[in-house]
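J.: Build me a model:
(chains A and B)
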2 protein chains.
Amino acid sequence: MALGEFDLIARYFTREPRRAAVGVGDDCALLAPSPGMQLATSVDMLVEGRHFLPTAPPERIGHKALAVNLSDLAACGAKPLAFTLALALPRIDEAFLAGFSRGLFALADEHGCELIGGDTTQGPLNICIGVFGEVPPGEALLRGGARPGDDLYVSGTVGDARLALEVFRGSVAVGADAFEQVRRAMEVPQPRVALGLALRGVATSAIDVSDGLLGDLSHVLRRSRVGATVQVDAVPRSAVLAGQAPAMQRVCTLAGGDDYELLFTAPPERASAVADAARRSGLAVARIGRIEADSGLRLIDAAGQAVDNDFGSFDHFRL
Amino acid sequence: MALGEFDLIARYFTREPRRAAVGVGDDCALLAPSPGMQLATSVDMLVEGRHFLPTAPPERIGHKALAVNLSDLAACGAKPLAFTLALALPRIDEAFLAGFSRGLFALADEHGCELIGGDTTQGPLNICIGVFGEVPPGEALLRGGARPGDDLYVSGTVGDARLALEVFRGSVAVGADAFEQVRRAMEVPQPRVALGLALRGVATSAIDVSDGLLGDLSHVLRRSRVGATVQVDAVPRSAVLAGQAPAMQRVCTLAGGDDYELLFTAPPERASAVADAARRSGLAVARIGRIEADSGLRLIDAAGQAVDNDFGSFDHFRL
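T.: Residues are numbered from 1 along each chain as shown, chains lettered A, B, ... in the order given. Sure thing, here's the model as predicted:
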């Protein structure tokens, strides 16, 4: 017998409520943040061909769909609580659903983040996840808090996801091991939740790098009404990416997108607190520039020479 | 110059935050329910051809996308606070966006419900709205609270939306005025938020009628572990629908879908409180049956004769 909408929800997406007072299966889910906490919420919609390739394994699609949302909570310094899932599928495909839900729940469980509701419908493949976290009032990391003199940092390495896309596009060739590494960066990004929490009270602003480092930085600069100088050769990259042509390295690190590392600012006198936050969350962070009162974004190389900024930001309508 | 993703958000979807501490344009929106309140949340995904016809005016699509979500809050007895919008569009179509956002915000403003975040991407048209409301702990109307002996009620009239669909399909013909009336029922449903709030402490269970009255009732019966008898001729319908063939009337009222009226239960001794709630919210409510300890759903006509239940529930994978 063919599965219907309700069987599908029951089989793949119903678990006993834990933290939520009412979970999947009522008109609304009921959720109470801890007393006195603000609720942080974000939503991301993933479409095949834009946010994942048709070749991506379902398990990785499930992982990534939640990961990009958890990354928004991380960028706010919020602790994950729960999420909702709305899913349009061309048809009920049990192999897809089994893999998708496995990848989704593996990451959800890792972060103690509970599925509390959702919707399913027939339609072109579309995954829309809304995520909920909590943060003490006034402690959320926002985009508008960068101040002149702040150091600019980024976590981990950036650019591998874009390099993977270039390999899929056929514009670059790498060995099999290197390909699996960069493909994992693209398909299985790790949201930097622990770092976001550790940066509460330390970072003055934060954003996750989803549309390209310079593009995301420009949001911070605009909201904070400041400018910045970025030392482009200081942007951390993997050994695989460091083996590519210099122009490819710059595109991937500065305008790559899909990195899900945290880009954040902190005053120089908090440098040791930043290092401590990085150590506690098991991540490297690199200082890549400085916030300045002069508006605009200036790029320099390791020798201090100006670098042209002709790196576009990723735009979901202009790929 | 072509609009990009960020211009689009700025032009059509950015307003100053009101209640939310942080709204559109940061990694997360921050929202604090009133002290001591539970947060109610729901999500619905709308796809062209399933939830609205390609012929629907954009303003009505904007209205309906939010209305179906507010209807979930209504069914919980929750007061609307805020919503998020994720939108996939085949291309940036300013005529669509202008109408869509106008219809969306008109309904949002009517209910004091603030857009606090979202996402836009290129892809087959898909509208995913997540809605947030608040309700005092323990007062939410749930599906699992119906008790044997409770009266079963429905608000307004049901069946017009399905009749409109049958007209669009060409299986029924009606006059121009009648068509506009039933088309409005389908395209501009009114979420019964005031009634839901008035039923707090009165109704023992509630659900909104979105997939067909009998199908939605079956969710209540299953969750409440009870049965019911429904007097099918007592289900309220418009004069237009009452002018159709009896078989069409039954399909439209019992298995129509897209009604967004509230189906709820209350003990007979609360009948005057139900009438008072209806009066305060400016709606008619009709008693259409009774909850019973015996599981299963029994249908009778006005003469008390058994009616076969061969009315399927709307399934978004089995249209």
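J.: which stretches of chain A form helices?
T.: A:5-8, A:58-76, A:94-110, A:160-169, A:176-187, A:193-198, A:213-224, A:239-242, A:246-255, A:271-280 (DSSP state H).
J.: Run through chain A and note the low-pLDDT ranges.
T.: A:1-6, A:9-10, A:15-25, A:312-319 (pLDDT under 70).
J.: Find the centremost residue of it, please.
T.: Chain A has A:Y260 as the residue nearest its centroid, 3.2 Å off, counting by CA atoms, centre = their mean.
J.: quick one: that residue and A:P191 touch, right?
T.: Yes: contact status for A:Y260 versus A:P191: in contact at 6.0 Å, counting by CB atoms under 8 Å. Where C-beta positions appear, they are placed from N, C-alpha and C, glycine not excepted.
J.: who touches both of these two?
T.: Common contacts of A:Y260 and A:P191, defined by CB atoms under 8 Å, 6 or more residues apart in numbering or on different chains, comprise A:A67, A:V68, A:S71, A:D208.
J.: tell me, which of those make contact with chain B?
T.: Contacts with chain B are made by A:D208 out of these, judged by CB under 8 Å from any CB of the partner chain.
J.: Can I get the shared contacts of A:Y260 and A:P191 in a markdown table including neighbour count and distance to B:D26?
T.: Formatted as a markdown table, the shared contacts of A:Y260 and A:P191 follow (neighbours: other CB atoms under 10 Å in any protein chain shown; distance: CB to CB, whole Å):
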| residue | neighbour count | distance to B:D26 |
| --- | --- | --- |
| A:A67 | 24 | 19 |
| A:V68 | 24 | 16 |
| A:S71 | 27 | 13 |
| A:D208 | 27 | 11 |
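J.: Name the nearest of the shared contacts of A:Y260 and A:P191 relative to B:S238.
T.: A:V68 (45.2 Å; CB to CB).
J.: Identify the residues contacting that closest one.
T.: Per CB under 8 Å, 6+ apart, neighbours of A:V68: A:D44, A:L46, A:H51, A:I129, A:P189, A:P191, A:S210, A:Y260.
J.: So which of the residues you listed belong to strands?
T.: Under the assignment DSSP state E, these contribute A:D44, A:L46, A:I129 to strands.
J.: Save the residues you listed as a markdown table, and put in distance to A:L165 too.
T.: Shown next, in a markdown table, are the ones in strands among the contacts of A:V68 (distance: CB to CB, whole Å):
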| residue | distance to A:L165 |
| --- | --- |
| A:D44 | 18 |
| A:L46 | 15 |
| A:I129 | 22 |
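J.: for these, which one is nearest chain B?
T.: A:D44 (5.2 Å; CB to the nearest CB).
J.: so the closest one makes contact with B:A88?
T.: No: A:D44 is not in contact with B:A88 according to CB under 8 Å; the separation is 11.4 Å.
J.: Which one of the ones in strands among the contacts of A:V68 sits in the busiest neighbourhood?
T.: The member of the ones in strands among the contacts of A:V68 that has the most neighbours, counting by other CB atoms under 10 Å in any protein chain shown, is A:I129 with 29 neighbours.
J.: That one - nearest residue in space that isn't next to it in sequence?
T.: A:N69 (4.8 Å; CB to CB, 6 or more residues apart in numbering or on different chains).
J.: Hmm, that neighbour is touching A:F132, no?
T.: No: counting by CB under 8 Å, A:N69 stays clear of A:F132, with 9.6 Å between them.
J.: shared neighbours of the two, which are they?
T.: Residues touching both A:N69 and A:F132 by CB under 8 Å, 6+ apart: A:F83.
J.: beta partners for the residue lying closest to A:E114 once chain neighbours are set aside?
T.: Closest residue to A:E114 in three dimensions, ignoring its sequence neighbours and counting by CB to CB, 6+ apart: A:A82, at 4.7 Å. On the basis of DSSP bridges, A:A82 is bridged to A:E114, A:F132.
J.: Could you verify my assumption that A:A82 touches A:P33?
T.: No: with contacts counted by CB under 8 Å, A:A82 stays clear of A:P33, the gap being 9.9 Å.
J.: From B:T229, how far out is A:S272?
T.: Separation of A:S272 from B:T229 (CB to CB, to the nearest Å) stands at 72 Å.
J.: So for those two, which residue has more residues nearby?
T.: Here A:S272 and B:T229 are compared on neighbour count by other CB under 10 Å; more neighbours surround B:T229, at 18 against 9.
J.: got the contact list for that one?
T.: Each residue near B:T229 by CB under 8 Å, 6+ apart is listed here: B:G289, B:R290, B:E292, B:L297, B:R298, B:L299, B:I300.
J.: If we use 7 Å, what do you get?
T.: B:G289, B:R290, B:E292, B:R298, B:I300 (CB atoms under 7 Å, 6 or more residues apart in numbering or on different chains).
J.: do you know how far A:R192 is from A:L85?
T.: Taken as CB to CB, the span from A:R192 to A:L85 is 22 Å.
J.: do A:T55 as well
T.: 22 Å.
J.: Also A:L115?
T.: The value you get for A:L115 to A:L85, if CB to CB is used, is 6 Å.
J.: More neighbours: which of the two?
T.: Set A:L115 next to A:L85 and count neighbours by other CB under 10 Å: A:L85 wins out with 28 against 24.
J.: Give me the nearest residue to the more buried one, chain neighbours excluded.
T.: That would be A:G118: by CB to CB, 6+ apart, it lies 4.0 Å from A:L85.
J.: what about the one you found, how many residues close to it?
T.: 24.
J.: Pretty sure it sits against A:A86.
T.: Yes: using CB atoms under 7 Å, A:G118 is in contact with A:A86, at 5.6 Å.
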